[in-house]
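# Need the 3D shape of this:
(chains A and B, ligands or ions: 3)
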Amino acid sequence: MTIQFNEETFRDDYTFRNSDWAIKRFPFPFHEDSYMYSVNMEQHQGGPAGSVFEKRFDVDEHYVAEMKDRALVLAEDPLRCQSLPHMTLAGWDLLELIMVSKSEDYPDLFELHRDGNNWHWINRPMGIEQKFVFMDESTLPYGPMEYITRQAQGDFCVLDQRDDNLWMDAGMVTTQADWSLDFDIGMNFFEWHAPVPKAHEMGIFVRALKFLLNIQQGMPARRLNWTMTVNPLLDTSPENYHKWGVQKTTLTPENLGAKQHLRVELQTFFRLPRSNALVFPIRCYLISLEDLVTVPKWGRRLHRVIRDLPVELATYKGFIDNRPMILDYLAQHDDGLPTSDGIWPDLATEPPLSPS
Amino acid sequence: MSAGTNKIAVTVTDVVPVNELVKRFRFVRADGGQLPTFSGGAHTVVEMRDGDTQRLNPYSLMSDPMDQSAYTISVRRDDQGRGGSLFMHNKVRPGDAMTISYPVNLFSLDLRARKHLMIAGGIGITPFLAQIKQLTAMNGRFELHYACRTPALGSYVDELTAKHPNNVHVYYDDQGQVIDLEHLLDGQPLGTHIYVCGPKGMIGWVRGKAAELGWPREAVHYEEFLAPQPGKPFEVKLAVSNKVIQVGENQSLLEAIEAAGVDAPYLCRGGACGQCETDVIGYDGKFIHRDHWLEDDQKAGGRKIMPCVSRFEGKTLVLDR
Ligand SMILES: Cc1cc2nc3c(=O)[nH]c(=O)nc-3n(C[C@H](O)[C@H](O)[C@H](O)COP(=O)(O)OP(=O)(O)OC[C@H]3O[C@@H](n4cnc5c(N)ncnc54)[C@H](O)[C@@H]3O)c2cc1C
Ligand code: HEM
Ligand code: FES
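Numbers count the residues shown, from 1 in each chain, chains lettered A, B, ... in the order given. Ligands and ions are numbered 1, 2, ... in the order given. Next up, the predicted model:
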C-alpha cells in the first residue's frame, strides 16, 4: 500500500486530520469497559495486517508532518535531544535497528545499502539520501541517535542497563505527555516514574522493571498507554505548558468533539545488540472524539472508561476539570448496549448507536 | 508473560582443540544469513540432543561481537559433569546441525567506566575475549589479570599477550604466581570498574576485597559459570498443569519440569537472570537455594525458588507452574 502523506500542522492552525484509514486502524487502548494500571505487556512480533502493530516501526500518513513538527521543536529547544557520552554506541544500534526495519518493512519508501561499514540510506518521503560510514560520527550531520530519530515518528528513550536498573541516559523527546527529558536525564526507572499515582503501591513498577531487564535481542515487547489532549498537539511538554495548558480552558460543549483528542502511545521495547541498552520508542497517535465515536463500540466504551476512572488518574492525566463536559459529550454516544471484548472496532458485528 | 529468547539454527564449521581440556567450536547460520551482533559478555544457550536427553548449556560468546559471519565458544571438558561438556567434546563434529539461542548478556560492560579492570580464572576468560575485542574497536581502556593452572592449560594466553602486551598479565598456579589483589585494586584510577569471571572462590575473593576497600557495589561486576548440582531425588507437584513429577539425582528441577512437557521460562540456566523465578504454593521440607538472584530474606521466606539451579529436600513441594 502506498501512503498518501498529509500536509498538516500540530500547532497554531491545527490542520491535523485522520483519514478513514487512520481512524479504523487507530490503536484504541481499552480492551474492556474499565481501566486501571497493569503490567500490560505483550510480544511485539507483528499484528493484524494494516494495524499499527504490524510493523516494527509504524509509518503512517502523519509521518512527514510529524517530522517537520519535531524539527521546529528542536530548533527552539535543542535540549529535547540529549545523549550522555557513554550512549553513542547505543545510538548506532538504534540507527541500525530503524534503518534495517524500515527498509525491510517499507521497501518502497526506504532503502538501505550496506557494503561493510559504508552505508547508503534513502528516505523517499522526506527526500533524504545519505552516504556515511557506520560507527563514524563525523560522516553524519548529527549524532547517530539524533540523525535517525529526526526521521522516525514518536519519542525515543534510550536506557542504559546496569546495576539491575534502567537509566535514562539518552533520548529524543518532542511529542511527550507532559514530562521532560531534560529533567529525567540520568534518572533510573523508579525515579522517573515517581510522579505516577497508585502504580507504585500496586507493585506494577517492580514487576515491569524485571520484565524489561529480561527483554532479549530479537524479542521486542509492547504496551499501550493513553491520556487526553485538547487540540492535536504533539508537543505537550512541561517546558511549553504555558502555551498549551491554557488551551484546556477553551473547550465548550460545541467544540469539544473536534478539539478534545484521545492520545494513545504505542510503547515498544527493543534490546540493542552492541550496547546491551534498551530502546523505548513511544509512538503517539491522536484522534478527535468526533472521529472516535464513528466507531460505535469505541464511543460506548470510552464513555464508561472515562466515567469510572479513579480521580487520581484523571487528575494525573490532566483532564479532571474537563471531565464533566467530556462525559456529557460521550454520554450521547453510549446507549448502554454491551460491548465486545478486545480493542478492535468490530464494525461488522457491533450494532450502530440506537436512537435515543 | 515471559520474555524468553529466539533460537537460531546453526551449523558447526570447526572444532579445534585449544589444549588438553578446552575445545573451541565455530557456528554459522544454517540458512547462510548473518548472525545478530551482540555485546561483549553475552552467552548463548546451546541445545544438545544427546540420545534421549535434551541438554541446554550456556556458553559465553568469545568471538568479535561485530562479526556477524560466525560465533565461537570454548568449552572446558568437565569429567564430573552430567555430560553436556562431554557431549560437546566427544560427539560434536564439523557439519553438525545445532540450535543455539539469541545472545543474552548478564555480564555487560559498564560503558561509563574510564577503565575496565578484568580478572579471569581458567575458562572464565571466555567473556573477556569478546569484551576485549569490543573495547579495542572502541579505543576503550582495559587491563586483564588472568590466572591459569599451568602454561599448558592457559587458553588463549599467547594470542592475548601478543595482541595486548601491555594490558594482559598472566599468573600460573604451578609457578606460585598469585594476583596481588590488594595492590591492584588500590592503584586504580577513579572511574574504574572491576569485572570478575572464574571459580566461585575467586569471585568471592575479589568481591570481598573490593567491598573491604570501599569500592561501590555497582562498580564490581561478576559472572559465575554456575551449573546445576546433583542432589537427592525429590517429588514436586505442579499445581497449574496438575502434574506430579520426579526430579532425578542428576537432573535440575527446571529440567524435570521441561521433561514433563511443561513450558517454563528461563534465560541463563545458571541462577543469575531471574527469569525462571517460580512461586512456591506449599512445602514441607527444606530448600537448597543455589542462585544469585533471590535476596537472603526471600531465600529464607520459602515462597520462591529458582528451579534452574536450586533443589529441595523433604516431603512435599507444590509449585505454581
Ligand atoms: C552464563 C554462563 C556462561 C558460561 N560460559 C561457559 C564457557 O564459556 N565455557 C565453559 O566451558 N563453560 C561455561 N559455562 C558453564 C557451562 O554452561 C556448563 O555448566 C559446563 O560446560 C559444564 O557442563 P556439563 O553439562 O558438562 O556439566 P554439568 O552437569 O552442568 O555439571 C557441572 C558441575 O556440576 C557438578 N556435577 C554435576 N553432576 C555431578 C555428579 N554426578 N557428581 C558430582 N558432581 C556433579 C560438578 O561440580 C560439575 O563440575 C557457563 C555457564 C554460565 C551460567
Ligand atoms: C523503560 C521504559 C519506560 C520509560 C522510559 C518510561 C517513562 C515514563 C515517563 C517519563 C512517564 C511520565 C512520568 C511523569 O509524570 O513524569 C511514565 C509514566 C508511566 N509509566 Fe512508564 N516508562 C517505561 C516503561 C513503563 C512500563 C514497562 C510500564 C508498565 C506498567 C510503565 C508504566 C507507566 C505508567 C502507568 C505511567 C503513567 C502514565 C499515565 O497515566 O499517563 N512504564 N513512564
Ligand atoms: S534461568 Fe536464569 S535464574 Fe534460572
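# Which stretches in the stretch 101-250 of chain B count as strands?
B:104-105, B:115-121, B:142-148, B:168-172, B:192-197, B:220-223, B:234-238, B:243-247 (DSSP state E, counting those that start in this stretch).
# got the buried residues for the last one?
Yep, that's strand B:243-247 we're talking about. Buried residues in strand B:243-247, counting neighbours by 16 or more other Cβ atoms under 10 Å in any protein chain shown, are found at B:I245, B:V247. Where you see a C-beta, it was placed from the backbone N, CA and C, and this is true even at glycine.
# of all the strands of the stretch 101-250 of chain B, which lies closest to ligand 3?
With Cβ to the nearest ligand atom, the closest approach to ligand 3 among these belongs to strand B:104-105: 9.2 Å.
# circling back: let me know which of the strands of the stretch 101-250 of chain B is tucked in deepest.
strand B:104-105 (a mean of 26; mean count of other Cβ atoms under 10 Å in any protein chain shown).
# any idea of the mean pLDDT for that strand?
Strand B:104-105 comes out with an average pLDDT of 93.
# helices or strands next to it in the packing?
Applying 3 or more Cβ pairs under 8 Å, 6 or more residues apart in numbering or on different chains; DSSP states H and E, one finds that strand B:104-105 makes contact with strand B:42-50.
# re the thing from before, out of the strands of the stretch 101-250 of chain B, flag the one nearest B:V75.
Across the strands of the stretch 101-250 of chain B, the minimum distance to B:V75, taken as Cβ to Cβ, is reached by strand B:192-197, at 15.1 Å.
# returning to what we had before: as a markdown table, the strands of the stretch 101-250 of chain B with distance to A:D108 would be great.
Shown next, in a markdown table, are the strands of the stretch 101-250 of chain B (distance: least, Cβ to Cβ, whole Å):
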| stretch | distance to A:D108 |
| --- | --- |
| strand B:104-105 | 35 |
| strand B:115-121 | 45 |
| strand B:142-148 | 45 |
| strand B:168-172 | 51 |
| strand B:192-197 | 46 |
| strand B:220-223 | 45 |
| strand B:234-238 | 50 |
| strand B:243-247 | 51 |
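# Tell me which of those lies nearest to A:L353.
Proximity of the strands of the stretch 101-250 of chain B to A:L353 was assessed by Cβ to Cβ; the nearest stretch is strand B:234-238, lying at 48.6 Å.
# quick one: stretch B:287-301 near ligand 3?
Yes: figure legend: stretch B:287-301 in contact with ligand 3 (Cβ under 6 Å from any ligand atom); contacting residues B:D291, B:W293.
# in that stretch, what counts as buried?
By 16+ other Cβ under 10 Å, the buried positions in stretch B:287-301 come out as B:F287, B:I288, B:H289, B:R290, B:D291, B:H292, B:W293, B:L294, B:K299.
# Could you tell me the end-to-end distance of it?
Distance between the boundary residues of stretch B:287-301 (Cα to Cα, to the nearest Å) amounts to 10 Å.
# Now tell me what touches that stretch from outside.
Stretch B:287-301 has contacts (Cβ atoms under 8 Å, 6 or more residues apart in numbering or on different chains) with B:224, B:226, B:228-229, B:231, B:271-274, B:277, B:302, B:304-306, B:308-313.
# From the residues you listed, list just the buried residues.
B:224, B:226, B:228, B:231, B:271-274, B:277, B:304-306, B:308-312.
# In strands, which of the contacts of stretch B:287-301 appear?
Those of the contacts of stretch B:287-301 mapping onto strands are B:K304, B:I305, B:R311, B:F312, B:E313, per DSSP state E.
# what residues are up against the last one?
For B:E313, the contact set (Cβ under 8 Å, 6+ apart) comprises B:G231, B:K232, B:F234, B:G285, B:K286, B:I288.
# just those residues now: which is nearest ligand 1?
Among the contacts of B:E313, B:G231 lies closest to ligand 1 (Cβ to the nearest ligand atom), at 9.5 Å.
# Quick check, that closest one in contact with B:R311.
Yes: B:G231 is within contact range of B:R311, at 4.5 Å (criterion: Cβ atoms under 8 Å).
# rewinding a little: of the contacts of B:E313, which is the nearest to A:D169?
A:D169 has its nearest neighbour among the contacts of B:E313 in B:I288, at 39.3 Å by Cβ to Cβ.
# which sections of chain B are below the confidence cut-off?
Within chain B, the set of residues satisfying pLDDT under 70 comprises B:1-5.
# okay, now the domains of it?
Chain B breaks down into these domains under automatic domain parsing: B:7-105, B:115-223, B:234-319.
# Would you mind giving these as CSV with distance to A:F280 added?
Rendered in CSV, the data for the domains of chain B read as follows (distance: least, Cβ to Cβ, whole Å):
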stretch, distance to A:F280
domain B:7-105, 18
domain B:115-223, 22
domain B:234-319, 20
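# so which of those comes closest to A:W226?
That would be, of these and by Cβ to Cβ, domain B:234-319, which comes in at 29.0 Å.
# Mind listing what's buried along the helix ranked longest in chain A?
Among the segments of chain A that qualify as a helix by DSSP state H, the longest is helix A:88-105. Within helix A:88-105, the residues scored as buried using 16+ other Cβ under 10 Å are A:88-99, A:101-103, A:105.
# To B:V206, which of the strands of the stretch 101-250 of chain B lies closest?
Closest approach to B:V206 among the strands of the stretch 101-250 of chain B (Cβ to Cβ): strand B:192-197, 4.4 Å.
# and that closest one, what does it pack onto?
Contact partners of strand B:192-197 among helices and strands, from 3+ Cβ pairs under 8 Å, 6+ apart: strand B:115-121, helix B:126-137, helix B:200-212, strand B:220-223.
# Format the ones you listed as JSON lines; extra columns: distance to A:Q82.
JSON lines is the format used below for the helices and strands packed on strand B:192-197 (distance: least, Cβ to Cβ, whole Å):
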{"stretch": "strand B:115-121", "distance to A:Q82": "25"}
{"stretch": "helix B:126-137", "distance to A:Q82": "24"}
{"stretch": "helix B:200-212", "distance to A:Q82": "32"}
{"stretch": "strand B:220-223", "distance to A:Q82": "26"}
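# B:V16: which of those is closest?
helix B:126-137 (14.1 Å).
# Mind giving me the packing neighbours of that closest one?
Contact analysis of helix B:126-137 by 3+ Cβ pairs under 8 Å, 6+ apart lists strand B:42-50, strand B:53-60, strand B:115-121, strand B:142-148, helix B:157-163, strand B:192-197 as its packing neighbours.
# Who does the last one pair with, and is each partner parallel or antiparallel?
When you say that, I think you mean strand B:192-197. According to DSSP bridges, the neighbouring strands of strand B:192-197, each with its direction, are strand B:115-121 (parallel), strand B:220-223 (parallel).
# Same question for the second one.
Applying DSSP bridges to the sheet, strand B:53-60 is found paired with strand B:42-50 (antiparallel).
# Return the distance of the partner strand from the chain's centre.
11 Å (Cα atoms, centre = their mean, to the nearest Å).
# What of stretch B:263-276?
Per Cα atoms, centre = their mean, the displacement of stretch B:263-276 from the mean C-alpha position of its chain is 12 Å.
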